[in-house]
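Trainee: test case, fold it:
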Amino acid sequence: MEELIQELDLHVVSQTGHQFSPIGYTYAYVLSESHFTIHTYPEYRSCYLDLFCCNPQFDPVHAIERIKQKFHTEHVRSQIIRR
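Mentor: A predicted model of the protein is given here:
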């Protein structure tokens, strides 16, 4: 996540996380551009990411490609909502 934040030129203003017992993890970054969260479900070998960015220069298609590369997967369902 830290590498993605740097590569996507996002700016963290606050962050917090929680490790669930026995497995699973949730982490949230508050960004100057909005937020980036991850919720992991190791028992299903999946995770959910939410990236909301209000920077008009942000390229969500590029972000999705970088996420695929970082997580070594092509199995990504995404939704881009233009605001």
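
Trainee: what helices and strands are in contact with the longest helix along the chain?
Mentor: Using DSSP state H to define each element, the chain has its longest helix at helix 60-70. Contacts defined by 3 or more CB pairs under 8 Å, 6 or more residues apart in numbering; DSSP states H and E place helix 60-70 against helix 2-7, strand 46-53. Placement of C-beta: from N, CA and C, glycine included.

Trainee: make it 7 Å
Mentor: Helix 60-70 is packed against helix 2-7, with contacts defined by 3 or more CB pairs under 7 Å, 6 or more residues apart in numbering; DSSP states H and E.

Trainee: tell me the buried residues in the helix it packs on?
Mentor: Neighbour-count burial for helix 2-7 flags 4-5 (criterion: 16 or more other CB atoms under 10 Å).

Trainee: got it, and stretch 44-58?
Mentor: Neighbour-count burial for stretch 44-58, counted by 16+ other CB under 10 Å, picks out 47, 49, 51, 53, 58.

Trainee: centroid-wise, who is the farthest residue in the protein?
Mentor: P22 (22.5 Å; CA atoms, centre = their mean).

Trainee: checking that residue next. Helix, strand or coil?
Mentor: coil (DSSP: H, G, I helix; E, B strand; the rest coil).

Trainee: once you drop chain neighbours, what's closest to the residue nearest to the spatial centre of the chain?
Mentor: With distances taken as CA atoms, centre = their mean, L49 lies nearest the centre of the chain, 4.3 Å away. In space, and not counting its chain neighbours, L49 is closest to I38: 5.2 Å by CB to CB, 6 or more residues apart in numbering.
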